[in-house]
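A.B. asks: The sequence isn't on hand, but the structure is:
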C-alpha cells in the first residue's frame, strides 16, 4: 500500500479514547498491508492474483469487504474511472520508472487486455470468493477507500 496513516481520536479523557479505539479498531492479526498490498509479493491480494485464474479463490472477510466488493460500487459511481484491475498498468509503469524508459505501445496494449473490472472479475459474496478471469491479471487497490 506504500503509505502511512494515523488515527486521531478526540475524547474527554485517555481511558475513553482507549476504549473507543479498541471497540472501533480492534487489535488484529494481519495488518491491512499484509492483506491488501500490491507491493508485498506475499500479501493476500498478491497470492489471490497468482493463484485464482479460472478458479474461485476464497478470501478473508477484510479483503472481500474492503476491496473487490467495494470496488464494484466505486467503478459504477466513477463511471469506470476507478478500476481495481489496473494492476498490469501500475506494474508496467513502476517497472518503466525504475528503468527510466517509457513503456512501449505494445506493452501498454498488452496491459490493457488484462484490465476492466466489469468483464474480468467475478465475485461471489455468499461463498466470499473472487475469480480472476484473465491470465496475468493483477488487482491494485490504491485509491479512494
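C.D. replies: Looks like it came in fine. These figures come from a predicted structure and were not determined experimentally.

A.B. asks: What segments of the protein are helices?
C.D. replies: Under the criterion DSSP state H, the chain contains helices at 14-24, 32-36, 44-51, 61-66, 68-77, 87-99, 105-112, 117-120.

A.B. asks: With distance to residue 129 added, can I get these in JSON lines?
C.D. replies: C-beta: built from backbone N, CA, C; applies to glycine. Below are the helices of the chain laid out as JSON lines (distance: least, CB to CB, whole Å):
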{"stretch": "helix 14-24", "distance to residue 129": "28"}
{"stretch": "helix 32-36", "distance to residue 129": "16"}
{"stretch": "helix 44-51", "distance to residue 129": "10"}
{"stretch": "helix 61-66", "distance to residue 129": "8"}
{"stretch": "helix 68-77", "distance to residue 129": "10"}
{"stretch": "helix 87-99", "distance to residue 129": "19"}
{"stretch": "helix 105-112", "distance to residue 129": "25"}
{"stretch": "helix 117-120", "distance to residue 129": "15"}
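
A.B. asks: any idea which of the ones you listed scores lowest on pLDDT?
C.D. replies: When these are compared by mean pLDDT, helix 117-120 comes last with a mean of 66.

A.B. asks: would you turn the helices of the chain into TSV with mean neighbour count and distance to residue 138?
C.D. replies: Formatted as TSV, the helices of the chain follow (neighbours: other CB atoms under 10 Å; distance: least, CB to CB, whole Å):
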stretch	mean neighbour count	distance to residue 138
helix 14-24	11	32
helix 32-36	18	13
helix 44-51	18	5
helix 61-66	16	14
helix 68-77	15	13
helix 87-99	15	3
helix 105-112	13	10
helix 117-120	14	11
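
A.B. asks: so which of those gets nearest residue 6?
C.D. replies: Checking the helices of the chain against residue 6 by CB to CB gives helix 14-24 as the closest, at 12.1 Å.

A.B. asks: Is residue 63 in contact with residue 45, as I believe?
C.D. replies: Yes: proximity of residue 63 to residue 45 meets the contact threshold set by CB atoms under 8 Å, at 6.4 Å.

A.B. asks: which neighbours do the two share?
C.D. replies: Applying CB atoms under 8 Å, 6 or more residues apart in numbering, one finds that residue 63 and residue 45 are jointly contacted by 35-36.
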